[in-house]
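A.B. asks: The sequence and its predicted three-dimensional model are supplied below.
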Amino acid sequence: MANPWTGEVALTIDGERRVLKLTLGALVELEQELGAGSLVELVQRFEGGAYSSSDVLALIVAGLRGGGTDVVRADLLRAEIEGGPMAGARAAAELLARAFMVPEQA
């Protein structure tokens, strides 16, 4: 079960429910993979709807790695995401948003 309060997102890949999370290490790998100037650039692309399928795949891979799955990009090229590409894009956007969500003050 994914815990949204800790930044986790659930996604079913090849029939298996996976937990994705962007840890600091996963974020570093994501920056290197995308060659983006900053993660703010990536957030802006998602907010503006200007993200690519490559952005989505990179986020899913980083999230899986942050969630503890030893996976590389090539492992997901033929993977079946339940709900199709739009479900993958939604999960990637949610993952990115949760990584930078500021917890509410009690």
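C.D. replies: Sure, I can see it.

A.B. asks: which residues of the chain fall in strands?
C.D. replies: Per DSSP state E, the chain has strands spanning 9-13, 16-20. These are given in chain order.

A.B. asks: now these in CSV, with mean neighbour count?
C.D. replies: Bear in mind the C-beta positions are built from the backbone N, C-alpha and C, glycine included. Shown next, in CSV, are the strands of the chain (neighbours: other Cβ atoms under 10 Å):
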stretch, mean neighbour count
strand 9-13, 20
strand 16-20, 17
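
A.B. asks: Would you pull up how far the helix ranked longest in the chain lies from the middle of the chain?
C.D. replies: As far as residue count goes, and with DSSP state H defining each element, the longest helix of the chain is helix 84-99. In terms of Cα atoms, centre = their mean, to the nearest Å, the centre of helix 84-99 is found 6 Å from the chain centre.

A.B. asks: Taking their axis directions, it and strand 16-20 sit at what angle?
C.D. replies: If you take axes from the mean of the first three to the mean of the last three Cα atoms, to 10 degrees, helix 84-99 sits at 30 degrees to strand 16-20.

A.B. asks: which residues sit in contact with residue 46?
C.D. replies: With contacts taken as Cβ atoms under 8 Å, 6 or more residues apart in numbering, residue 46 has the following neighbours: 55, 92-93, 96.

A.B. asks: what separates the residue lying closest to residue 59 once chain neighbours are set aside from residue 76, distance-wise?
C.D. replies: Ranked by Cβ to Cβ, 6 or more residues apart in numbering and with sequence neighbours excluded, the top spatial neighbour of residue 59 is residue 92, at 3.8 Å. In this structure, residue 92 lies at 12 Å from residue 76, with Cβ to Cβ, to the nearest Å as the measure.
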